[in-house]
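sequence unknown, structure follows:
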């Protein structure tokens with residue numbers, strides 16, 4: 001089911017053609033390998049790649065993608081594998097199990113927990129790991145595979161934990177909260193956002209925390225859990241922020257924009273990609289930001305947020321670009337193909353310049369000595385590559401004059417080279433990087449009775465084969481003031497008239513059925529299954545999205561047990 005969005009007018013900047021930088025030739029894709037990758041790609045200091053494939057195995061390859069070894073897991077996994085300083089691998093899978101392998105791919109230990117593992121584990125300096133589960137717990141596992149402690153969250157956790165220098169552990173959960181635990185697993189505080197937290201937190205050098213939420217906001221908290229600021233975007237923010245070497249917080253939103261915010265929460269620049277963004281950005285040495293979108297385009301942005309080049313692939317990308325210290329870029333397109341671009345800049349050195357802070361996905365802020373050693377190692381590894389690079393690839397002849405669509409719309413990228421994978425079929429919509437799509441009028445309600453019968457938890461509740469949404473959240477998002485409320489009905493102000501809706505009290509809170517909301521005048525409802533399960537309500541041009549925190553939507557069936565319901 002497709003969600004039709006009306007993109008906001010481009011507010012990237014008021015730059016004229018004279019202010020726009022040259023658009024540089026997009027680098028060629030040096031290798032395109034059908035490796036059936038489904039997880040994030042982690043990179044060892046040596047340049048080796050580690051990922052989980054659709055064959056439910058952990059694979060380790062060299063920098064070119066040639067396999068060194070593979071180890072079978074009990075199920076698939078989407079989390080980035082963690083590479084230890086000794087070259088070992090920590091992998092998390094959907095069979096509720098954490099696996100620890102040595103550098104040769106031999107199993108050291110494995111431990112079964114209380115739910116599927118979607119979040120990337122975080123590696124502590126002492127070799128222990130922090131693992132969050134969809135069963136609603138956060139666990140510390142020692143270097144020997146023994147469980148040290150477990151904290152019960154009471155809601156699924158898809159957010160990958162981040163560890164501060166003092167050992168504090170931060171993570172988001174599906175009860176709309178961002179948690180802080182001590183190094184021993186004791187709760188320190190919990191901050192309530194306006195909706196679900198899929199986003200993994202990022203930490204800056206001062207210890208401040210940044211994360212996105214389905215409440216459409218980017219949040220910043222101080223180490224004591226107090227809100228510093230929040231910035232509203234056009235749609236939910238499931239991507240995980242990065243913190244650039246210059247201190248900018250950069251994150252994409254499902255509204256199709258990349259936001260760069262300073263430490264005070266002020267917008268420094270906004271880039272319009274035109275397609276939803278679910279992946280983290282990455283910063284290369286020199287300040288270039290690289291981010292893929294769900295429409296299938298990789299965007300490289302200048303330090304001012306303007307397009308340097310784009311690579312359209314035509315295939316969805318919901319995982320970020322991984323960058324080696326040797327200056328190779330790796331990204332995975334829908335279907336599991338690994339794309340490699342060589343001869344680029346290495347990762348920028350900073351507290352959190354890529355997903356989970358490092359290419360090997362440790363997920364923690366480094367100490368001063370570690371940062372110094374990393375800087376020296378990365379500089380040494382990249383010296384040969386950097387020596388062959390000009391400030392950027394040679395620019396295209398002359399900067400073309402902007403077309404009528406937008407002064408900030410980048411020109412069409414150069415055609416693929418011979419080593420680029422075969423050009424995909426021409427989509428029905430022109431590539432967004434060339435020209436934003438025209439606004440589309442939202443469709444009439446499209447949910448069928450079968451689509452209403454879905455299984456969900458937390459945000460949407462399902463009873464008697466109906467989906468129910470929290471009354472206060474739904475009415476507030478749709479700007480429908482609640483005038484009266486009883487145990488059975490609520491009166492909502494709808495334009496000039498008052499409309500009564502039936503409510504159901506679930507867990508002590510009033511809920512309204514999705515079917516009743518869909519029946520209101522001028523209301524359009526859609527069920528979105530890709531790229532993330534969600535229900536959208538559209539009224540008077542206002543689009544509101546309620547994320548469904550389940551990996552898949554399935555019809556309800558009558559029976560005494562529903563074994564694949566996520567534990568609450």
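Structure's in. What do you need? This one's a predicted model, so the numbers in the text were calculated from it and none came from an experiment. Numbers count the residues shown, from 1 in each chain.

going forward, measure contacts and count neighbours with C-alpha atoms only.
Fine.

The most centrally placed residue in the chain: what's it in contact with?
When CA atoms, centre = their mean is applied to the chain, the residue found nearest the centroid is residue 239 (2.7 Å). By CA atoms under 8 Å, 6 or more residues apart in numbering, residue 239 lies in contact with 198-200, 212, 251-253, 277-280.

Can you tell me which of those end up in strands?
212, 251-252 (DSSP state E).

Take those and write them to a markdown table, including distance to residue 369 and pLDDT.
Putting the ones in strands among the contacts of residue 239 into a markdown table (distance: CA to CA, whole Å; pLDDT from 0 to 100) gives the following:
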| residue | distance to residue 369 | pLDDT |
| --- | --- | --- |
| 212 | 30 | 97 |
| 251 | 28 | 98 |
| 252 | 32 | 97 |
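
just curious, which of the residues you listed is nearest to residue 228?
Comparing these against residue 228 with CA to CA places residue 212 closest, at 13.8 Å.

Surely that closest one and residue 233 touch.
No. If you go by CA atoms under 8 Å, residue 212 and residue 233 don't touch, sitting 9.9 Å apart.

between these two, what contacts are shared?
Here residue 212 and residue 233 have residue 218 as joint contacts, going by CA under 8 Å, 6+ apart.

contacting residues around residue 249?
So residue 249 contacts 210, 241-243, 259-263 (CA under 8 Å, 6+ apart).

For residue 229, see how far away it is.
12 Å (CA to CA, to the nearest Å).

one step back: in a markdown table, list the contacts of residue 239 along with distance to residue 174.
Putting the contacts of residue 239 into a markdown table (distance: CA to CA, whole Å) gives the following:
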| residue | distance to residue 174 |
| --- | --- |
| 198 | 7 |
| 199 | 11 |
| 200 | 12 |
| 212 | 13 |
| 251 | 20 |
| 252 | 20 |
| 253 | 18 |
| 277 | 20 |
| 278 | 17 |
| 279 | 19 |
| 280 | 20 |
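
right, and the pair among those with maximum separation?
200 and 277 (14.5 Å).

How many neighbouring residues does residue 496 have?
Residues lying near residue 496 (other CA atoms under 10 Å) number 6.

cool, and residue 162?
As a burial measure, residue 162 scores 29 neighbours (other CA under 10 Å).

ranges for the helices of the stretch 251-400 of the chain?
Here the stretch 251-400 of the chain has its helices, by DSSP state H, counting those that start in this stretch, at 368-387.

low-scoring stretches of this protein, by residue?
1-24, 378-462, 464-465, 473, 476-477, 487, 507-509, 527-535, 540-568 (pLDDT under 70).

What are the boundaries of the helices in it?
368-387, 449-452, 471-477, 514-518 (DSSP state H).

quick one, phi psi at the spatially closest residue to residue 158 that is not a sequence neighbour?
Counting by CA to CA, 6 or more residues apart in numbering, residue 158 lies nearest to residue 119, which is 5.0 Å off, once chain neighbours are set aside. When quoted as degrees, to the nearest 10, the phi and psi of residue 119 stand at phi -80, psi 150.

mind listing what's buried in the strand of greatest length in the chain?
Longest strand in the chain by number of residues (criterion: DSSP E): strand 497-506. Neighbour-count burial for strand 497-506 flags 499-504 (criterion: 16 or more other CA atoms under 10 Å).

now swap in stretch 79-98 and tell me
Within stretch 79-98, the residues that qualify as buried are 79-84, 87-98, counting by 16+ other CA under 10 Å.

for stretch 510-524, same thing?
510-515, 517-518, 523-524.

distance between the ends of that stretch?
Note: stretch 510-524 ends 22 Å apart using CA to CA.

repeat for stretch 151-167
Counting by CA to CA, you get 15 Å between the two ends of stretch 151-167.

tell me which residues in that stretch are buried?
151, 153, 155-165, 167.

give the contact list for residue 54.
Contacts of residue 54 (CA under 8 Å, 6+ apart): 36-38, 76, 336.

I'd assumed residue 156 was in contact with residue 174.
Yes. Judged on CA under 8 Å, residue 174 makes contact with residue 156 at a distance of 5.5 Å.

on that earlier part again, and the longest strand of the chain, what does it pack onto?
Other helices and strands packing on strand 497-506, by 3 or more CA pairs under 8 Å, 6 or more residues apart in numbering; DSSP states H and E, are strand 489-494, strand 509-513.
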